[in-house]
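J.: any chance you could fold what I've pasted below:
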Amino acid sequence: MTNPAARLAGRREWTALTVLLLPLLLVAMDVSVLYFAIPAITRELDPSSTQQLWIFDSYAFALSGLLITMGSLGDRIGRRKLLLTGAAAFGLASVAAGYASSAEMLIAARVLLGIGGATLMPSTLALIRNLFQDDRQRGKAIAIWSGAMTGGIALGSVLSGVMLNHFWWGSVFLINVPAMLLLLVLVPVLVPEFKDPAPGRFDLLSVPLSMAAVLPVVYGLKEIAAEGFTPFHAGCLAVGLAFGYLFVRRQRTREDAMVPRALFRGRGFGAGVGLNTIAAFAMMGSAYFTTQYLQSVLGMDTLEAALWSLAPSVVIGAAAPAGAALAQKTDRAYVISGGFVLAAAGFALISLVDTDSLWLLLTGAGVLASGIVTVMSLVSDMALGSAPAEKAGSAASLLETGQEFGGALGMALLGSLATAVYRSDLAGSEPAVRETLGGAVATAQELGGAAGGQVLTAAREAFVHGMQYAAWGGTVLLLAAAVLAAALLRGRGAQAPAQAEPAPAGEALAPSAA
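T.: Below is the predicted model:
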């Protein structure tokens, strides 16, 4: 059902969407852009093992920790203003990273990139919510947004490999600069300003509280995925959850809360955030295995593995728009549920992979990603459409934060399940072999000959066995999510219209030349 009073978007709005995809692609790409560059960075900057870890992780931690803050800030100062400020910061930080002369300087630049990224992601999604008032058009626009975000992560590793074949390692950061300059020129021309006309005071205490809630949990989950469960990691999760309780309690008792309670009055918002988190769980959980399978089981080099990982993107690009079109004709609950079922089928295919099943893996990954992107685009549209337009920045930031949590949780839980099976299968092996598949590959290379071949074969079979168990776990979870989606959303109809907005907000949110 479409809101007949909504203004239809024209050529200017669709052109603006194309421009808004630029920062989204770059932020997504910067998650994976270091995959190829780290050997060259190690040779030139000589980082310690701890510094190398922070070169990778500082970007993601700054990004996830500030999403809620930046979404709320955009509602107050204006989403376009925050987007332009973030784009300028992202461009400057890219230059600093590209010409970093020490590991410390590169880590600091990556933190600044994460801060800039935290302004860009919720701003682009919130602006789409405001630019496309018609429900059908907004659903299509968010489907395109979701596909671009998913594709950007895969594209980042490939593009960095191509750049490093011709230029020095800093070039993988400098490719951001022209895009950001283009954004700074075109956004003021194409995108009007939108902000909350009556935002209230900015709750400064909620900023450190939100970061203290998000960062320890994300860090603990990432480390559990990488190193296994330890008391320290459990302590990180406990600290984050404790601060999360304090943050939620503060939001429930303040009139000027950073996370407005009005968001949850819309029937679809809470369900949308929850289902989006589950979708991110599956997406990142599967990616954790596929990249290792291509490199360590099939023996591909990094560039070859990255190129093959692009193959599922062929079907992903059509999945979200097709799902959005189908949701116009039938109850959206069934389309979302069907997306989860499709993703579960992808996991089921991955569970059949053996040590030489490239095409089966790629097919399963493509089917899974198609279902997940369909779900993510529809639930994002549902959540944003049910939220008041003046709170679109806060709504977008909560969606993104849930996605960060879901991705980290997927890697931690599915990774832990696979690791437990792997170690059980190799119980009598050397510690290095039993610890990780990468350690087994290194040990096999040291041994060489028939002994090395036996170690490598056993490790690869154990890894695939663990991946099969994790895939079955993902299948069960997604089937349960399909049932949950149908139960929570049934009866909402085809693309339910956004809630009516009060007159003052409507006036303030009208496009302007400012």
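J.: now for the helix or strand that contains residue 451, which elements pack on it?
T.: Element membership for residue 451 (DSSP states H and E) is helix 449-489. Here helix 449-489 touches helix 267-292, helix 332-350, helix 358-386, helix 392-425, helix 431-435, helix 437-447, going by 3 or more CB pairs under 8 Å, 6 or more residues apart in numbering; DSSP states H and E. All C-beta atoms are positioned from the backbone trio N, CA, C, and that covers glycine.
J.: distance from it to the middle of the chain?
T.: Relative to the chain's own centre, helix 449-489 is displaced by 21 Å; criterion: CA atoms, centre = their mean, to the nearest Å.
J.: could you check the angle it makes with helix 392-425?
T.: On the basis of axes from the mean of the first three to the mean of the last three CA atoms, to 10 degrees, helix 449-489 is oriented at 140 degrees to helix 392-425.
J.: quick revisit: compare the helices and strands packed on helix 449-489 and give me the one nearest residue 69.
T.: Comparison of the helices and strands packed on helix 449-489 against residue 69 by CB to CB identifies helix 392-425 as nearest, at 7.8 Å.
J.: let me know the average pLDDT across that closest one.
T.: In this model, helix 392-425 has a mean pLDDT of 81.
J.: what residues of it count as buried?
T.: Residues of helix 392-425 classed as buried by neighbour count (16 or more other CB atoms under 10 Å): 392-419, 421-423, 425.
J.: ok, stretch 474-485 next?
T.: 474-475, 477-479, 481-482, 484-485.
J.: show me which of these is closest to residue 98.
T.: Taking the buried residues of stretch 474-485 together and measuring to residue 98 by CB to CB, the closest member is residue 474, at 37.6 Å.
J.: next up, the contacts around the closest residue to residue 394 other than its chain neighbours.
T.: Leaving aside its chain neighbours, residue 394 sits nearest to residue 71 (4.7 Å; criterion: CB to CB, 6 or more residues apart in numbering). If you count contacts by CB atoms under 8 Å, 6 or more residues apart in numbering, residue 71 has them with 122, 126, 393-398, 400.
J.: cool, and residue 55?
T.: Counting by CB under 8 Å, 6+ apart, residue 55 touches 34, 38, 41, 47, 103, 106-107, 110.
J.: relative to residue 340, how far out is it?
T.: 36 Å (CB to CB, to the nearest Å).
J.: ditto for residue 114
T.: 30 Å.
J.: neighbour-wise, which of these two wins?
T.: residue 340 (27 against 23; other CB atoms under 10 Å).
J.: touching, the more buried one and residue 481? I think so.
T.: Yes: with contacts counted by CB atoms under 8 Å, residue 340 reaches residue 481, the gap being 4.6 Å.
J.: overlap in contacts, the two.
T.: Residues touching both residue 340 and residue 481 (CB under 8 Å, 6+ apart) are 278-279.
J.: following the helix or strand that contains the residue nearest to residue 394, which helix or strand shows up next?
T.: Element membership for residue 71 (DSSP H and E) is helix 49-77. Using DSSP H and E, the helix or strand that follows helix 49-77 in sequence is helix 79-98.
J.: buried residues in the helix or strand following that following helix?
T.: As assigned by DSSP H and E, the chain's next helix or strand after helix 79-98 is helix 103-131. The neighbour-count check on helix 103-131 (16+ other CB under 10 Å) flags 103, 106-131 as buried.
J.: same question for stretch 356-367.
T.: 357, 361-367.
J.: ok, now stretch 309-327?
T.: 309, 311-313, 315-317, 319-321, 323-324, 326-327.
J.: cool, and stretch 56-69?
T.: Buried residues in stretch 56-69 (16+ other CB under 10 Å): 57-69.
J.: out of the residues you listed, who's nearest residue 16?
T.: So of the buried residues of stretch 56-69, ranked by how close each gets to residue 16 (CB to CB), first place is residue 67, at 22.4 Å.
J.: gap between the closest one and residue 258?
T.: Taken as CB to CB, the span from residue 67 to residue 258 is 11 Å.
J.: what of residue 454?
T.: Taken as CB to CB, the span from residue 454 to residue 258 is 57 Å.
J.: which one's more surrounded, the two?
T.: residue 258 (24 against 12).
J.: and that one, what element?
T.: Residue-wise, residue 258 maps onto no helix or strand under DSSP H and E.
J.: quick one: residue 17 from residue 187, how far?
T.: Distance from residue 17 to residue 187, by CB to CB: 12 Å.
J.: who's more crowded, those two?
T.: More crowded of residue 17 and residue 187, by other CB under 10 Å: residue 17, with 24 against 20.
J.: got a pLDDT number for the residue nearest to the more buried one when sequence neighbours are not counted?
T.: What sits nearest to residue 17 in space, not counting adjacent residues and going by CB to CB, 6+ apart, is residue 141, at 5.5 Å. For residue 141, the pLDDT comes out at 82.
J.: quick one: low-confidence ranges for the stretch 351-500 of the chain?
T.: Residues of the stretch 351-500 of the chain meeting the criterion pLDDT under 70: 491-500.
J.: if we use 90, what do you get?
T.: Scanning the stretch 351-500 of the chain for pLDDT under 90 picks out 354-358, 362, 365-366, 369-463, 466-467, 485-500.
J.: what about stretch 40-55, average pLDDT?
T.: For stretch 40-55, the mean pLDDT works out to 78.
J.: right, I mislabeled it, should have said stretch 255-262
T.: Rounded mean pLDDT across stretch 255-262 is 74.
J.: first vs last residue of it, how far apart are they?
T.: Terminal residues of stretch 255-262 are spaced 11 Å apart (CA to CA, to the nearest Å).
J.: switch to numbering from 116
T.: With the count now opening at 116, the last piece we talked about shows up as stretch 370-377.
J.: how far away from the center of its chain is it?
T.: With CA atoms, centre = their mean, you get 25 Å for stretch 370-377.
J.: now do the buried residues in it.
T.: In stretch 370-377, counting by 16+ other CB under 10 Å, buried: 372-375, 377.
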